[in-house]
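**Q** when you get a sec, could you give me coordinates for this:
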Amino acid sequence: MESFDWSSLQVAQAASIDNVPEMVNHALVVLGDLLEDDYVACEFSLEAGRLIGDNVEASVNALLPGRCRVQRLEPAALWRPLVREALPEIFLPARQRDVWDEGTPPRVVAELLMDWAVALMSRLWPEDADCWTLTVEIRDAYAPSYLDVVIEQQEQVWLLHLGVTD
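**A** Prediction:
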């Protein structure tokens, strides 16, 4: 399959920056629905909040559910490769593995949805925006398998949560 620059679509170019987070979340919900199976549910979301002083950790804690807090923020060079490595690969359903092989229609759809979501996220942050991977300390169940990416851009902190629950 040929690569396609999703950011070249008129809808991606014309969307107001205020609407882009909702568009990202919509793409993530559809991708999560596609990847769900009987035993796990995908929880993909993007949230934003103001940077509290210069304290990224406090800003992220404000975005996390009450039962969670930042355990560790590990600086990452670039956010886009983190997302591309995780989606859809680490969330592929365990059942019917052959259905999800490279090049199969369900896998292609999942990869295209990921490409669309990443193209939209690229409207929010440059490739080299300050970013971290997040390890969450929890008091009860959070997500048995997850990747959380934190991006700080223009006095705003973004939390991209990619996880599954069982």
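**Q** who are the packing partners of the longest helix along the chain?
**A** In the chain, assigned by DSSP state H, the helix with the most residues is helix 105-124. Under the contact criterion of 3 or more CB pairs under 8 Å, 6 or more residues apart in numbering; DSSP states H and E, helix 105-124 touches helix 10-14, helix 20-35, helix 79-86. Backbone N, C-alpha and C define where each C-beta goes, glycine included.
**Q** between the ones you listed, which one is closest to Pro105.
**A** Nearest to Pro105 among the helices and strands packed on helix 105-124 is helix 20-35; the distance by CB to CB comes to 11.0 Å.
**Q** wasn't Gln71 part of a strand?
**A** Yes - Gln71 forms part of a strand when assessed by DSSP: H, G, I helix; E, B strand; the rest coil.
**Q** using the three-state scheme, assign the closest residue to it other than its chain neighbours.
**A** In space, Gln71 comes closest to Glu137 once its chain neighbours are excluded; the distance is 3.8 Å by CB to CB, 6 or more residues apart in numbering. Put simply, Glu137 is strand when judged by three-state DSSP.
**Q** any idea which helix or strand of the protein has the worst average confidence?
**A** When the helices and strands of the chain are scored by mean pLDDT, DSSP states H and E, helix 10-14 comes last with a mean of 86.
**Q** rewinding a little: now for the residue nearest to Gln71, how many residues are close by?
**A** 12 (other CB atoms under 10 Å).
**Q** show me the beta-bridge partners of it.
**A** Beta-bridge partners recorded for Glu137 (DSSP bridges): Arg69.
**Q** for the longest helix of the chain, list the C-alpha coordinates in CSV.
**A** Extracted in CSV, the C-alpha atoms of helix 105-124 (Å, rounded to 0.1, in the frame of the first residue of the first chain):
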residue,chain,number,x,y,z
PRO,A,105,-7.9,-5.7,5.9
PRO,A,106,-8.5,-5.2,9.7
ARG,A,107,-4.8,-4.5,10.3
VAL,A,108,-4.7,-2.0,7.3
VAL,A,109,-7.8,-0.2,8.7
ALA,A,110,-6.2,0.0,12.2
GLU,A,111,-3.0,1.4,10.7
LEU,A,112,-4.8,3.9,8.6
LEU,A,113,-6.8,5.1,11.7
MET,A,114,-3.5,5.5,13.6
ASP,A,115,-2.1,7.5,10.7
TRP,A,116,-5.1,9.8,10.7
ALA,A,117,-4.9,10.3,14.4
VAL,A,118,-1.2,11.0,14.2
ALA,A,119,-1.7,13.5,11.4
LEU,A,120,-4.3,15.3,13.5
MET,A,121,-1.9,15.3,16.5
SER,A,122,0.7,16.9,14.3
ARG,A,123,-1.6,19.9,14.0
LEU,A,124,-1.3,20.3,17.8
